[in-house]
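In: kindly return the folded structure for what I paste below:
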Amino acid sequence: MKITLDTSTLSRELFKLQGVVNSKGTMPILQNALIEASDSGELTLHATDLDVSVTTTSECEVSQPGRITVRARDLYDVVKNLKGERVTLEKEDNQWMRLTSDTVRVRFVGMNPDEFPQVQRADEVQFVPLPTDRFMRMIDRTIFSISTDEGRPNLTGALFKKAGADRISMVSTDGHRLSMISAPVDAEGKQLPSELEDGVIIPRKGLAELRRTVDLTAPEISFGLRGNNVVVRHENTTMFVRVIDGNFPNFDQVIPESKKERMAYVDRATLIDRIKFVSLFSNTKTHNVRIELEEATCTISAQDPDKGECEEKVQAAYDSETVQAGYNYRYVLDVLNVIGGEQVALELVDTLSPTLIHELDSEEGERSLFIVMPMRI
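Out: Predicted coordinates for the structure are as follows:
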């Protein structure tokens with residue numbers, strides 16, 4: 001194998017593999033990227049940790065087709081620091097690879113490419129298009145409330161499912177809060193995969209890698225299902241994410257009926273700023289702050305025996321009965337930081353009932369809802 005291509009192109013494509021390569025696993029081959037060069041002048045890079053797999057392609061000058069595997073992070077660290085505009089990769093007889101660029105000469109220890117796991121292909125996947133910015137918003141509004149408790153694996157991902165005709169939704173919960181967003185899909189005459197009727201659970205890592213690698217300037221991504229994998233294609237990159245085997249909780253049971261008369265409308269930026277300020281006096285273990293709603297006022301307070309206490313009132317559009325509840329302030333801020341718009345609606349019932357947080361300025365056709373469970377005051 002011998003190829004030549006732009007240094008910036010190779011660096012960009014290698015970057016997409018870095019979150020997938022397994023540097024701590026017991027299989028050394030998973031630390032490697034599989035590099036393949038074809039007669040047609042195409043370079044293909046593969047990386048996998050057996051749960052998430054990434055394949056990306058680019059054009060190159062192929063002097064000799066072939067394949068090799070080398071440590072993905074070592075190769076990326078070298079390429080991103082090269083000064084030369086072009087780089088040449090050449091396989092040697094002993095599974096080593098030589099890199100040359102301008103005045104730089106580097107040799108990498110490689111491994112037999114036959115040891116690399118079988119590369120998954122997306123040739124038969126029925127893809128459905130979705131605007132890139134919409135898919136990113138779905139991830140942003142759910143990934144923060146995915147559970148990190150490995151003892152409850154069905155909560156360590158977000159539920160991705162059909163939500164009516166030509167709509168999809170993404171839902172996540174860690175037992176303390178719940179995030180849900182639904183959005184329209186322009187299937188262009190294609191049917192949504194039947195597996196999305198019940199939904200599939202996409203693990204946090206897969207969503208994080210999609211968020212990290214997708215080109216936000218690209219107009220759309222495409223998604224589909226193959227076996228037990230969600231397949232996402234964007235530009236020249238295809239990602240397979242193994243879905244979590246399990247049943248997602250029936251989240252509809254925990255969503256109370258919304259009551260508009262109990263909504264308090266508060267300036268979002270002010271609420272974020274003042275919760276951060278008052279939280280300086282919250283307990284370092286519980287992170288508890290109290291929010292009280294009364295006529296035209298939202299009061300935020302916190303106290304700790306070792307610190308003292310703090311209270312601040314902010315203006316709110318509210319004319320219902322006085323009510324209060326305690327929260328882990330970080331959970332509330334997580335929601336407020338991902339939603340858009342100048343105002344946010346808080347629907348606080350009592351100290352035991354779920355509190356609803358509504359995004360008022362959703363993008364056209366999108367609907368978001370967030371639930372934060374109160375803490376004991």
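
In: C-alpha only now, for contacts and for neighbours.
Out: Fine.

In: Glu220 pairs with what?
Out: Listed by DSSP bridges, the beta-bridge partners for Glu220 are Pro131.

In: okay, now it: neighbour count?
Out: By other C-alpha atoms under 10 Å, the residues close to Glu220 number 18.

In: and Ala325, by the same measure?
Out: Quick note: Ala325 (other C-alpha under 10 Å) scores 22 neighbours.

In: repeat that for Gly308.
Out: Gly308 - counted by other C-alpha under 10 Å - has 12 other residues nearby.

In: that one contacts Ser279, correct?
Out: No - taking contacts as C-alpha atoms under 8 Å, Gly308 lies outside contact range of Ser279: 11.4 Å.

In: as a check, name the ranges of all strands in the stretch 201-350 of the chain.
Out: Here the stretch 201-350 of the chain has its strands, by DSSP state E, counting those that start in this stretch, at 220-226, 229-234, 237-242, 263-267, 288-294, 297-304, 308-317, 323-328, 343-347.

In: which of the ones you listed sits closest to Leu82?
Out: In terms of C-alpha to C-alpha, the element of these nearest to Leu82 is strand 237-242, at 23.6 Å.

In: the closest one packs against which elements?
Out: Contacts defined by 3 or more C-alpha pairs under 8 Å, 6 or more residues apart in numbering; DSSP states H and E place strand 237-242 against strand 52-59, strand 200-203, strand 229-234.

In: any chance of TSV for these, columns distance to Leu293 and mean pLDDT?
Out: Listed next are the helices and strands packed on strand 237-242 as TSV, based on distance: least, C-alpha to C-alpha, whole Å; pLDDT from 0 to 100:
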stretch	distance to Leu293	mean pLDDT
strand 52-59	45	96
strand 200-203	36	97
strand 229-234	43	96
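
In: please identify which of those is closest to Asp123.
Out: strand 229-234 (11.0 Å).

In: partners of that closest one in the sheet?
Out: Here, using DSSP bridges, strand 229-234 pairs with strand 220-226 (antiparallel), strand 237-242 (antiparallel).

In: domains of this structure?
Out: 2-115, 128-252, 256-372 (automatic domain parsing).

In: deepest of the strands paired with strand 229-234, which one?
Out: strand 237-242 (a mean of 24; mean count of other C-alpha atoms under 10 Å).

In: could you give the average pLDDT over that strand?
Out: Across strand 237-242, pLDDT averages out at 97.

In: now that strand, how far from the centre of its chain.
Out: Centroid separation for strand 237-242 versus its chain: 13 Å, with C-alpha atoms, centre = their mean, to the nearest Å.

In: re earlier: just the helices and strands packed on strand 237-242: most buried one?
Out: Ranked by mean neighbours (mean count of other C-alpha under 10 Å), the helices and strands packed on strand 237-242 are led by strand 200-203, with a mean of 26.

In: on contacts alone, who are the packing partners of that strand?
Out: strand 157-162, strand 237-242.

In: TSV please, covering these and showing distance to Lys260.
Out: Shown next, in TSV, are the helices and strands packed on strand 200-203 (distance: least, C-alpha to C-alpha, whole Å):
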stretch	distance to Lys260
strand 157-162	27
strand 237-242	39
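
In: which other residues reach stretch 224-243?
Out: Applying C-alpha atoms under 8 Å, 6 or more residues apart in numbering, the contact partners of stretch 224-243 are 51-58, 120, 122, 125-128, 193, 195, 200-203, 206, 210, 214-215, 218, 220-223.

In: one more time with 7 Å
Out: 51-57, 125-128, 193, 200-203, 206, 214, 221-223 (C-alpha atoms under 7 Å, 6 or more residues apart in numbering).

In: list the contacts of stretch 361-372.
Out: Taking C-alpha under 7 Å, 6+ apart as the rule, stretch 361-372 contacts 176-184, 331-332, 340-341, 354-359.

In: please check those residues and keep the buried ones.
Out: 176-184, 331-332, 354-359 (16 or more other C-alpha atoms under 10 Å).

In: those in strands, which ones?
Out: 177-184, 355-359 (DSSP state E).

In: and these as JSON lines, adding pLDDT?
Out: What follows is those, written out as JSON lines (pLDDT from 0 to 100):
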{"residue": "Arg177", "pLDDT": "94"}
{"residue": "Leu178", "pLDDT": "96"}
{"residue": "Ser179", "pLDDT": "97"}
{"residue": "Met180", "pLDDT": "97"}
{"residue": "Ile181", "pLDDT": "96"}
{"residue": "Ser182", "pLDDT": "95"}
{"residue": "Ala183", "pLDDT": "94"}
{"residue": "Pro184", "pLDDT": "92"}
{"residue": "Thr355", "pLDDT": "95"}
{"residue": "Leu356", "pLDDT": "96"}
{"residue": "Ile357", "pLDDT": "97"}
{"residue": "His358", "pLDDT": "95"}
{"residue": "Glu359", "pLDDT": "94"}
